[in-house]
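Q: here is the input, now give the coordinates:
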Amino acid sequence: MAGPRASWKGYIKFGEVSCPVALYTAASSSERIAFNTLNRKTGNRVKREFVDGETGDPVEREDQVKGYEVENGQYIVLEPEEVAAAVPESDKTLRIEAFIPCSQIDTTYFDKPYYLAPDKMGEDAFILLRDGMKQEHVAGIARTVLFRRMRTVLIRPHGKGLIASTLNFDYEVRSSEKAFEDMPDLKIEGEMLELAEHIIGTKKGSFDASAFDDRYEAAVAELVKAKIEGRALPKKKAPVASKPRDLLQALRESAGIAAEGAKPKRTAANANRGAGRSKAAKRAVKSKQTAATPARRAG
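A: Presented below is the predicted three-dimensional model:
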């Protein structure tokens, strides 16, 4: 069976050491369910067609050209050869410019992952780089032209090889300030916080990607099957957000405390996790706060 095809081949260089490498796509959406657009009346597939925005006439591919809007409705035409000439030339080399602690990596900047593997002629240098980064707990920052664009790439040890993640540029990543600007300045204390800590403690685990299925894909596949068989799927009720006055009661129920004075339920898997996690629940049970008056104050 033929192995995967490399998306890019070149060299990786750190200091004066270099070795030939290849990039392989690490994530693909090709297995996802795909839809076709149909004409509702005829059931036939709809073809995409480019038309002139003013005249409405179809525009053939050879008559289409890139344009940059400088004013409303005013464009600068960019010919294909002009765009190609403006693309930075590539020497096919991933030059590591710096090594940074893994703890400093902000995953918000991550774009696409690629597996980075060595050519047989450069295995010694490749393994040296991989093991050196593992030993120092660092990742490498490199830049090169990938797929006709200058890209910044984060390189990290990954199994027997390396993983290279292209990074979004700073101007592409939106600030979080706008997203969180309406967040109230509150501080939660007392029984509610203790119960939350208890619930989090009982659900601690480790990440296993295989344990998370694509429920959208499964749901669509089931919908298609149901349509073929001529049956309808039951409608699902939308979840209801917990109201502030119900939050304490919801926390108690989540922790297995049905009423004041009851002990939290513990599964066999969590029975021997230590007294530390049940301590918060015990303190919460003894609390005199009620669901109608949760302890909250401005921070």
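
Q: quick one, strands of this protein?
A: Counting by DSSP state E, the chain has strands at residues 8-14, 17-25, 66-71, 74-78, 93-101, 110-118, 138-146, 149-158, 161-167, 186-188, 296-298.

Q: least reliable of the ones you listed going by mean pLDDT?
A: With a mean of 39, strand 296-298 has the lowest mean pLDDT of the strands of the chain.

Q: give me the pLDDT value at residue 242.
A: Confidence score, pLDDT, at residue 242: 66.

Q: can you check residue 276 too?
A: Value listed for residue 276 in the pLDDT field: 46.

Q: now the closest residue to residue 158 other than its chain neighbours, which residues is it bridged with?
A: Leaving aside its sequence neighbours, residue 158 sits nearest to residue 115 (CB to CB, 6 or more residues apart in numbering; 7.2 Å). (C-beta placed from N, C-alpha, C; glycine too.) Assessed by DSSP bridges, residue 115 has beta-bridge partners residue 24, residue 163.

Q: and residue 115, how many neighbours?
A: Look at residue 115: counted by other CB atoms under 10 Å, it has 18 neighbours.

Q: so that it lines up with my notes, have the first residue be 438 from now on.
A: Will do, 438 is the new start, and the previous item becomes residue 552.

Q: doesn't residue 463 make contact with it?
A: Yes - Residue 552 is within contact range of residue 463, at 5.1 Å (criterion: CB atoms under 8 Å).

Q: find residues that contact each of the two.
A: Listed as contacting both residue 552 and residue 463 by CB atoms under 8 Å, 6 or more residues apart in numbering are residue 600.

Q: can you get me a residue count around the nearest residue to residue 636 once chain neighbours are set aside?
A: Spatial nearest neighbour of residue 636, excluding adjacent residues (CB to CB, 6+ apart): residue 691 at 5.1 Å. Residues lying near residue 691 (other CB under 10 Å) number 15.

Q: in terms of pLDDT, where does residue 691 sit?
A: 80.

Q: from residue 584, how far out is the residue nearest to residue 595?
A: 16 Å (CB to CB, to the nearest Å).

Q: for residue 539, give me its contacts.
A: 574-576, 593.

Q: quick one: which of these is nearest residue 633?
A: Using CB to CB, residue 574 comes nearest to residue 633 of those, at 31.4 Å.

Q: wait, that closest one sits on residue 538?
A: Yes - the criterion here is CB under 8 Å, and residue 574 meets it with residue 538 at 6.6 Å.

Q: list the residues that contact the nearest residue to residue 564 once chain neighbours are set aside.
A: Nearest residue to residue 564 in three dimensions, chain neighbours excluded: residue 555, at 7.7 Å (CB to CB, 6+ apart). By CB under 8 Å, 6+ apart, the contact set of residue 555 is 456-458, 562-564, 598.

Q: and these as TSV, adding distance to residue 445 and neighbour count?
A: Shown next, in TSV, are the contacts of residue 555 (distance: CB to CB, whole Å; neighbours: other CB atoms under 10 Å):
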residue	distance to residue 445	neighbour count
456	15	19
457	12	17
458	9	27
562	18	19
563	16	22
564	21	14
598	15	16
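
Q: take these and write them to a markdown table, including distance to residue 588.
A: Compiled in a markdown table, the contacts of residue 555 are given as follows (distance: CB to CB, whole Å):
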| residue | distance to residue 588 |
| --- | --- |
| 456 | 20 |
| 457 | 19 |
| 458 | 15 |
| 562 | 22 |
| 563 | 20 |
| 564 | 25 |
| 598 | 19 |
